[in-house]
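J.: missing the sequence, but the structure's below:
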């Protein structure tokens with residue numbers, strides 16, 4: 001039996017972006033992501049077992065109140081023939097899916113170790129475009145991830161212009177598809193970049209560094225364009241909340257500001273609390289300093305991965321019994337996925353990390369913490385899984401009406417978008433990096449030659465083929481070839497019939513008529529056009 005209260009996701013339930021919030025369906029109901037990172041399948045060459053994927057999906061739907069999963073590996077070239085049943089079953093269970101728009105190798109590889117513009121090849125845009133084509137008419141595809149911890153060091157941060165350009169091109173293509181598909185329920189395709197909760201330099205606190213990355217990705221490249229309409233969701237992979245004694249405001253020592261509170265204050269443009277220790281006496285005090293980037297947040301923010309390493313959880317907490325240490329309690333969930341959560345004015349949910357820990361023992365929520373997922377069988381529930389379920393049940397399946405939030409948590413005013421010149425200048429100042437100019441980056445999207453979704457128009461909302469459409473397309477194509485060929489042959493015969501008359505005309509005439517050589521060239525041109533239909 002599937003967990004009560006679940007409703008299938010249909011075309012009217014597509015999640016979109018409005019300002020800095022996510023909205024479901026009618027555009028008036030705020031949407032909070034309550035997700036878990038889906039297990040990563042065994043490495044190639046083992047064939048993907050979709051029945052195994054569905055078994056895990058049904059286990060989560062049956063046991064918990066999650067409304068989303070994040071999948072890390074899906075081949076966009078084989079969505080319809082490989083993942084169709086999985087995506088359909090997720091929709092039936094009322095579960096949204098966050099999908100990757102890159103891959104570790106092949107066309108979908110964003111080459112972060114290469115300098116711009118080489119790190120953004122044309123093949124990558126073609127791969128991302130294919131992803132959007134294949135996911136567009138699936139209403140439970142929540143968003144696509146354009147990159148995960150790509151700029152995680154000073155060295156790899158040089159690829160930031162490639163991430164930005166990929167984001168721009170996919171956003172343009174998404175808007176182009178939306179404007180051309182009047183019958184589709186989807187009007188946009190949210191794109192997420194997931195950053196690490198860290199700083200590429202020791203000179204800057206992690207939350208301040210993350211804010212500079214957000215500023216760069218959301219900045220307006222050209223005031224005359226629609227660059228601020230990127231449908232961007234900013235994700236943060238956070239490994240904090242490492243003690244049962246921690247609160248939203250402070251760590252378990254009772255005085256140090258928690259990472260959650262620090263991020264919230266920085267993203268709210270509030271002053272930051274800094275602990276200052278006297279090197280001689282050892283005494284400390286707290287000072288407030290203004291944020292490095294006071295510019296407002298203009299896009300939705302989620303924790304794209306959330307969960308402390310179990311190795312560190314309660315490791316130094318004397319109040320917890322030894323046999324209960326290293327079992328995460330997930331008490332931070334209501335902070336970010338509840339209408340009355342402390343971070344609801346900016347945050348739009350979380351993805352717990354992870355069902356199988358991404359293959360890493362210290363992040364595995366299920367099973368015995370030693371066995372990697374085999375791609376087929378579900379893990380048995382653990383004490384931590386029960387903690388997760390309990391905290392998630394406090395949030396439940398409630399939706400949030402826009403007018404139900406306290407006035408302090410409904411910020412719908414259109415914030416000005418930061419110019420990219422300012423964002424780039426801050427990165428150079430605080431990271432010591434001079435980024436490759438965005439104006440010199442290639443754009444692989446060209447509206448006139450975009451190859452607009454012709455294959456998707458022939459499929460159903462969940463990827464099933466429509467033979468009638470395919471037959472109709474073939475008939476129209478054959479008729480078109482016949483008509484064009486007939487016209488071309490007719491024009492050629494007309495030109496041949498006039499040859500004798502034209503040859504007899506004087507070449508010295510000034511009447512402006514074409515020579516035989518010109519007519520021959522024209523005839524050849526006609527033949528060439530016919531041959532390239």
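T.: Alright, I've got the coordinates. This is a predicted model, so every value here is computed, not measured.
J.: drop to CA atoms for contacts and neighbour counts, all remaining ones
T.: Fine.
J.: show me the helices in the stretch 101-250 of the chain, by range?
T.: Assigned by DSSP state H, counting those that start in this stretch, the stretch 101-250 of the chain shows helices spanning 122-135, 160-180, 206-218.
J.: can you name every helix or strand that the last one contacts?
T.: This means helix 206-218. helix 259-267, helix 420-431 (3 or more CA pairs under 8 Å, 6 or more residues apart in numbering; DSSP states H and E).
J.: show the contacting residues for residue 363.
T.: Shown in contact with residue 363 (CA atoms under 8 Å, 6 or more residues apart in numbering): 307, 308, 309, 310, 353, 354, 356, 357.
J.: using a markdown table, lay out these together with pLDDT.
T.: As requested, the contacts of residue 363 are exported to a markdown table (pLDDT from 0 to 100):
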| residue | pLDDT |
| --- | --- |
| 307 | 97 |
| 308 | 97 |
| 309 | 96 |
| 310 | 95 |
| 353 | 97 |
| 354 | 96 |
| 356 | 93 |
| 357 | 92 |
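J.: of those residues, which is the nearest to residue 371?
T.: Ranked by distance to residue 371 (CA to CA), the contacts of residue 363 are led by residue 356 at 8.6 Å.
J.: tell me, how many residues neighbour the nearest residue to that closest one once chain neighbours are set aside?
T.: The shortest distance from residue 356 to any non-neighbouring residue, by CA to CA, 6 or more residues apart in numbering, is to residue 364 (4.5 Å). When neighbours are defined as other CA atoms under 10 Å, residue 364 has 26 of them.
J.: wait, residue 364 sits on residue 357?
T.: Yes - between residue 364 and residue 357 there is a contact under CA atoms under 8 Å: 3.6 Å.
J.: and the strands in the stretch 351-500 of the chain?
T.: Secondary structure of the stretch 351-500 of the chain by DSSP state E, counting those that start in this stretch: the strands cover 400-401.
J.: before we move on, back to that, now the helices of the stretch 101-250 of the chain as CSV including distance to residue 145?
T.: Converted to CSV, those look like this (distance: least, CA to CA, whole Å):
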stretch, distance to residue 145
helix 122-135, 10
helix 160-180, 10
helix 206-218, 13
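J.: from those, which stretch is densest packed?
T.: For these, the largest average neighbour count (mean count of other CA atoms under 10 Å) is found in helix 206-218, namely a mean of 23.
J.: let me see the confidence value for residue 324.
T.: Note on residue 324: pLDDT of 84.
J.: got the helices of the stretch 101-250 of the chain as a markdown table, with distance to residue 17 and mean pLDDT columns?
T.: Shown next, in a markdown table, are those (distance: least, CA to CA, whole Å; pLDDT from 0 to 100):
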| stretch | distance to residue 17 | mean pLDDT |
| --- | --- | --- |
| helix 122-135 | 16 | 97 |
| helix 160-180 | 13 | 95 |
| helix 206-218 | 14 | 96 |
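J.: picking that back up, which two among the contacts of residue 363 are spaced furthest apart?
T.: Maximum pairwise distance in the contacts of residue 363, criterion CA to CA, is 14.2 Å, between 308 and 356.
J.: would you map out the domains in this protein?
T.: Listed by automatic domain parsing, the domain ranges of the chain are 11-447, 467-531.
J.: need the winner for burial among those.
T.: Comparing those by mean neighbour count (mean count of other CA under 10 Å), domain 11-447 comes out on top with a mean of 19.
J.: how about the strands in the stretch 201-350 of the chain?
T.: Applying DSSP E, counting those that start in this stretch to the stretch 201-350 of the chain gives strands spanning 232-238, 272-277, 284-289, 301-306, 347-352.
J.: quick check: which of those strands is nearest to residue 49?
T.: With CA to CA as the criterion, residue 49 lies closest to strand 347-352 of those, at 23.4 Å.
J.: okay, now the sheet partners of that closest one, with direction.
T.: Using DSSP bridges, the strands paired with strand 347-352 are strand 33-37 (parallel), strand 301-306 (parallel).
J.: what angle do it and helix 259-267 make?
T.: Taking axes from the mean of the first three to the mean of the last three CA atoms, to 10 degrees, one finds that strand 347-352 is oriented at 150 degrees with respect to helix 259-267.
J.: quick one: distance of strand 347-352 to the chain centre.
T.: Centre-to-centre, strand 347-352 and its host chain are 14 Å apart (CA atoms, centre = their mean, to the nearest Å).
J.: out of the helices of the stretch 101-250 of the chain, flag the one nearest residue 230.
T.: Taking CA to CA, helix 160-180 is the member of the helices of the stretch 101-250 of the chain nearest to residue 230, at 5.4 Å.
J.: quick one: low-confidence parts of the stretch 351-500 of the chain?
T.: 396-415, 447-500 (pLDDT under 70).
J.: tell me where it has helices.
T.: Secondary structure of the stretch 351-500 of the chain by DSSP H, counting those that start in this stretch: the helices cover 383-395, 420-431, 467-497, 499-503.
J.: so who does residue 159 touch?
T.: 111, 112, 113, 114, 115, 116, 119, 150, 151.
J.: right, and residue 257 touches residue 246 too?
T.: No - contact criterion CA under 8 Å: residue 257 and residue 246 do not qualify, at 9.8 Å.
J.: re earlier: pLDDT and distance to residue 434 added to the contacts of residue 159, as JSON lines?
T.: Shown next, in JSON lines, are the contacts of residue 159 (pLDDT from 0 to 100; distance: CA to CA, whole Å):
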{"residue": "111", "pLDDT": "91", "distance to residue 434": "19"}
{"residue": "112", "pLDDT": "92", "distance to residue 434": "16"}
{"residue": "113", "pLDDT": "91", "distance to residue 434": "16"}
{"residue": "114", "pLDDT": "94", "distance to residue 434": "15"}
{"residue": "115", "pLDDT": "94", "distance to residue 434": "12"}
{"residue": "116", "pLDDT": "97", "distance to residue 434": "12"}
{"residue": "119", "pLDDT": "96", "distance to residue 434": "16"}
{"residue": "150", "pLDDT": "97", "distance to residue 434": "17"}
{"residue": "151", "pLDDT": "95", "distance to residue 434": "14"}
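J.: just to revisit the earlier point, so which of the helices and strands packed on helix 206-218 gets nearest residue 187?
T.: With distances scored as CA to CA, the stretch of the helices and strands packed on helix 206-218 nearest to residue 187 is helix 420-431 (26.3 Å).
J.: elements contacting the closest one?
T.: helix 206-218.
J.: okay, angle between the helix it packs on and helix 160-180 too, please.
T.: Relative orientation of helix 206-218 versus helix 160-180 (the same axes, to 10 degrees): 50 degrees.
J.: could you dump the helices and strands packed on helix 206-218 to a markdown table with distance to residue 201?
T.: Conversion of those to a markdown table gives the following (distance: least, CA to CA, whole Å):
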| stretch | distance to residue 201 |
| --- | --- |
| helix 259-267 | 17 |
| helix 420-431 | 6 |
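J.: so which of those gets nearest residue 128?
T.: Nearest of these to residue 128, taken as CA to CA: helix 420-431 at 23.8 Å.
J.: show me the contact partners of the closest one.
T.: 154, 200-201, 203-204, 212, 215-216, 219-221, 433-435.
J.: check contacts around residue 79.
T.: Residue 79 sits next to residue 134 when contact means CA under 8 Å, 6+ apart.
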